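*Asks:* Below: sequence and its predicted model.
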Amino acid sequence: MAIHLISGRSAGDDLAAGRITAADQSLYLTASFLVWIVPAYLFLFPAPRTADPEFFWTLWLVELAVIVLFCAAGIGYCLRKCRVDPARNFLVDFSCLNAPVSLTTLAAVWGAYYLVEGVFVLAGVSSTRVYDSARLLASASAVLIVFLRIGRHMDRVSSLRTTG
C-alpha cells in the first residue's frame, strides 16, 4: 500500500480500516521527521533578522514558550480525540497523521508567510521587528494548526472505527 503524504483524510481512512502495516507506519514516522527537519535545514523556516539582542532573546523566549505550550496542549487534545483504544491506537494514529497534516499545513502557513513578506517588501516595510513578529506568528500558528488538524482527523478516525 502507498502512504498518503498529501491527504490526512486518506491516511485516516486507512487507519480506521486497519490497512496501515508496520512498514507503512515506519514510513509515515520517517516522513513526519523529514517534513519538519528538511525545511529547517534548508532555511525555509526563516531566522529572526533583528540585531537588537534584547528584542531577539525576548522574541525567542516567547516563541519557545508558546510552542512548548501548543505542543503540550496539542498532544493532550489529540489524545482526547483518540477515543477507540487509545493505548493501542494513539501513537500509531498520531504518527501516521502527522506526516500529511504537517506537510500541507507547513506549506500553507509558510507559503502565506512569504506572500505577506512580499507584500511588506512591496509596501516598503523594512522593520525587522515587524518581520520577526510575523515570523513568530507563522511559526506558532503552524504548530497550533498541525495539532488542531491532527485532532480533527483523530476524532474522525475514532468515529469511523465505532461505526464501521
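*Replies:* Here it is on my side, so go on.
*Asks:* all helices in the chain, in order from the N-terminus.
*Replies:* For the chain, the helices defined by DSSP state H occupy 8-17, 22-41, 53-81, 86-123, 128-163.
*Asks:* where does the chain dip in pLDDT?
*Replies:* Scanning the chain for pLDDT under 70 picks out 1, 164.
*Asks:* State the distance from residue 151 to residue 77.
*Replies:* Computed as C-beta to C-beta, to the nearest Å, the residue 151 to residue 77 distance reads 5 Å. Where you see a C-beta, it was placed from the backbone N, CA and C, and this is true even at glycine.
*Asks:* same thing with residue 149?
*Replies:* Between residue 149 and residue 77 the distance is 11 Å, computed by C-beta to C-beta.
*Asks:* quick one, phi psi at the residue of the chain positioned farthest from its centre?
*Replies:* Distance from the C-alpha centroid of the chain peaks at residue 124, with 30.9 Å (C-alpha atoms, centre = their mean). Note on residue 124: backbone dihedrals following degrees, to the nearest 10 are phi 80, psi 20.
*Asks:* before we move on, the earlier item: for residue 151 and residue 77, indicate the residue with more neighbours.
*Replies:* Per other C-beta atoms under 10 Å, whichever of residue 151 and residue 77 has more neighbours is residue 151, with 22 against 17.
*Asks:* pretty sure the more buried one contacts residue 76?
*Replies:* No: judged on C-beta atoms under 8 Å, residue 151 makes no contact with residue 76 at a distance of 9.6 Å.
*Asks:* In contact with the closest residue to residue 73 other than its chain neighbours, which residues?
*Replies:* In space, and not counting its chain neighbours, residue 73 is closest to residue 147: 7.6 Å by C-beta to C-beta, 6 or more residues apart in numbering. Counting by C-beta atoms under 8 Å, 6 or more residues apart in numbering, residue 147 touches 70-71, 73-75, 77-78.
*Asks:* gap between residue 147 and residue 55?
*Replies:* Taking C-beta to C-beta as the measure, residue 147 falls 28 Å from residue 55.
*Asks:* and what of residue 72?
*Replies:* Following C-beta to C-beta, the distance that separates residue 72 from residue 55 is 26 Å.
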